[in-house]
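Q: Next input, structure requested:
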Amino acid sequence: MPTVSVITPVYRGEPYLSAYFEALASQTLFNHLEVILVHNQPSSVERGLVQRFAGTHPDKLVHVVVDERNASCLDHRSGNWALETVAQSMNRAIARASGKYIALWNVDDVRVGDSLERQVAVLESDDRIGLTYGDYVMVGHPGDTGGVQHTFPEFDHENYMSTYGGGFQMWRSSVHDVAGLFDEQLRSGADCDLWIRIAAQSSMRKTPGNVGYYLNTGMGLSTRKDGLRFVEDAVVGLRYGILHQIDYTLLRQTRHYRISELYFNGAWHPVRDYFGEYDIRTASLRRAWPRELRRQRRTRLWRDIARLWRGPRHAAGVVLRRIGLLAPRSPSCL
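A: So this is what the prediction gives:
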């Protein structure tokens with residue numbers, strides 16, 4: 001049995017697969033892992049790259065192809081999507097995983113060569129640790145190693161709602177018995193949603209040092225400004241009573257989700273079955289929400305007033321400069 005099952009959902013991964021396979025093979029724990037690649041509509045080039053890796057490393061790769069015949073088409077929203085949500089593909093991978101530990105590895109990210117080995121050491125050090133995470137460098141182009149350092153706090157169970165973050169997670173496969181699986185309703189926020197349930201049911205520990213390079217081109221579902229990230233942040237906030245994640249202007253869009261239920265294994269499950277604090281936190285949210293709503297509306301009102309005030313002043317300045325009654329602005333570089 002492998003020590004680690006690496007799970008990777010892939011959609012339009014042609015630019016990244018070669019580097020991904022190279023980074024996999026360079027892992028110090030490579031001989032003790034299996035790779036489960038869930039591939040949405042692979043191109044012929046992608047299939048060729050996968051076959052080349054499988055030929056070089058037989059019995060190492062489980063390649064699951066998702067197409068029109070077997071896709072879990074839960075989400076019918078319009079858009080340029082894969083056939084499945086990332087959550088559905090990750091749950092497919094987990095179902096095929098045989099390792100003691102599961103490591104999430106996005107195809108466009110790169111892990112440090114010993115990151116899997118270091119994370120296994122953290123999990124092996126204490127049976128109470130359900131998940132480990134680490135710091136990373138955010139890069140703007142594939143292959144970059146220089147970028148923005150992202151450093152996360154040590155996990156604190158007393159404040160787990162604000163310290164469960166981090167990247168490049170690895171967790172015990174057994175945590176799914178108590179925390180459930182990824183909620184397949186969510187396109188962008190399914191990972192954070194599951195991390196909260198794992199944090200509530202067990203402990204987490206940060207792996208020392210950087211564990212990888214996270215690619216952010218601004219076009220991912222969780223990174224682009226016009227994506228679903230903010231709507232699904234609000235869904236997760238409503239579900240677990242996290243006030244600062246709920247934007248009242250997005251509440252109408254959250255009605256498309258079953259906030260009190262999770263969807264996986266082809267069925268709906270009450271959140272409270274996998275999150276023991278559900279009733280307490282939702283009751284607390286109901287008490288706190290009226291005050292938070294007033295605060296958000298007041299903040300928005302003042303922001304709108306400031307914007308309206310700046311608009312006429314700017315327009316008047318432009319007109320006065322054009323007719324010569326106001327001196328032109330000095331170049332900003334002087």
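Q: only C-alpha atoms for contact and neighbour calcs from this point on.
A: Noted.
Q: Tell me, how many residues neighbour the closest residue in space to Leu24 that isn't next to it in sequence?
A: Closest residue to Leu24 apart from its sequence neighbours, by Cα to Cα, 6 or more residues apart in numbering: Phe30 at 6.9 Å. For Phe30, the number of neighbouring residues by other Cα atoms under 10 Å comes to 20.
Q: Arg69 too?
A: Other residues close to Arg69 by other Cα under 10 Å number 6.
Q: Would you agree Arg118 is in contact with Arg205?
A: No: if you go by Cα atoms under 8 Å, Arg118 and Arg205 don't touch, sitting 11.9 Å apart.
Q: Can you tell me the closest non-neighbouring residue to Phe21?
A: Nearest residue to Phe21, sequence neighbours excluded (Cα to Cα, 6+ apart): Phe53, at 6.9 Å.
Q: Return the distance of the one you found relative to Val271.
A: Between Phe53 and Val271 the distance, using Cα to Cα, to the nearest Å, works out to 40 Å.
Q: higher neighbour count, these two?
A: Neighbours were counted for Phe53 and for Val271 using other Cα under 10 Å; Val271 has more, 23 against 17.
Q: Distance of Leu301 relative to Arg295?
A: Separation of Leu301 from Arg295 (Cα to Cα) stands at 10 Å.
Q: quick revisit: could you double-check that the residue nearest to Leu24 lies in contact with Phe21?
A: No: assessed by Cα under 8 Å, Phe30 is found out of contact with Phe21, at 11.1 Å.
Q: Going by how many neighbours each has, rank Arg118 and Arg205 and give me the top one.
A: Neighbours were counted for Arg118 and for Arg205 using other Cα under 10 Å; Arg205 has more, 22 against 18.
Q: quick one: the more buried one and Glu154 touch, right?
A: Yes: at 6.8 Å, Arg205 and Glu154 qualify as touching, with contact defined as Cα under 8 Å.
Q: Centre-most residue in the chain?
A: Residue closest to the mean C-alpha point of the chain, counted by Cα atoms, centre = their mean, is Asp191 at 4.8 Å.
Q: For the stretch 151-300 of the chain, just list every one of the strands.
A: Assigned by DSSP state E, counting those that start in this stretch, the strands in the stretch 151-300 of the chain fall at 167-172, 203-215, 261-264, 267-270.
Q: Alpha carbons only: can I get the first one in CSV?
A: Spelled out, that is strand 167-172. Extracted C-alpha coordinates of strand 167-172, given in CSV (Å, rounded to 0.1, in the frame of the first residue of the first chain):
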residue,chain,number,x,y,z
GLY,A,167,-1.7,25.6,1.0
PHE,A,168,-0.6,22.3,-0.5
GLN,A,169,-2.6,20.3,2.0
MET,A,170,-2.0,16.7,3.0
TRP,A,171,-4.4,14.8,5.3
ARG,A,172,-5.2,11.4,6.7
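Q: Give me the contacts around stretch 165-172.
A: 100-105, 111, 119, 123, 130-136, 151-153, 192, 211-212 (Cα atoms under 8 Å, 6 or more residues apart in numbering).
Q: Could you verify my assumption that the residue nearest to Phe21 touches Glu22?
A: No: with contact defined as Cα under 8 Å, Phe53 does not reach Glu22; the gap is 9.0 Å.
Q: Could you list which residues are in contact with the residue lying closest to Asp247 once chain neighbours are set aside?
A: Nearest non-adjacent residue to Asp247, counting by Cα to Cα, 6+ apart: Ala234, 6.2 Å away. Going by Cα under 8 Å, 6+ apart, Ala234 touches Gln245, Ile246, Asp247, Leu250, Leu251, Thr254.
Q: Can I get the buried part of those residues as one ChimeraX selection?
A: Of the contacts of Ala234, the buried ones go into a single ChimeraX selection, burial set by 16 or more other Cα atoms under 10 Å:
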select :245,246,247,254
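Q: what's the closest of the contacts of Ala234 to Glu184?
A: Checking the contacts of Ala234 against Glu184 by Cα to Cα gives Thr254 as the nearest, at 14.9 Å.
Q: ok, the closest one - contacts?
A: Val231, Glu232, Ala234, Val235.
Q: can we see that at 7 Å?
A: Val231, Val235 (Cα atoms under 7 Å, 6 or more residues apart in numbering).
Q: Distance check, it against Gly241.
A: For Thr254, the distance to Gly241 equals 14 Å [Cα to Cα].
Q: Also Val45?
A: Taken as Cα to Cα, the span from Val45 to Gly241 is 45 Å.
Q: And the two? Which one has more around it.
A: Gly241 (25 against 11).
Q: Need phi/psi at the more buried one.
A: Note on Gly241: backbone dihedrals following degrees, to the nearest 10 are phi 70, psi 40.
Q: How about the contacts made by it?
A: Gly241 makes contacts with Arg281, Thr282, Leu285, as judged by Cα under 7 Å, 6+ apart.
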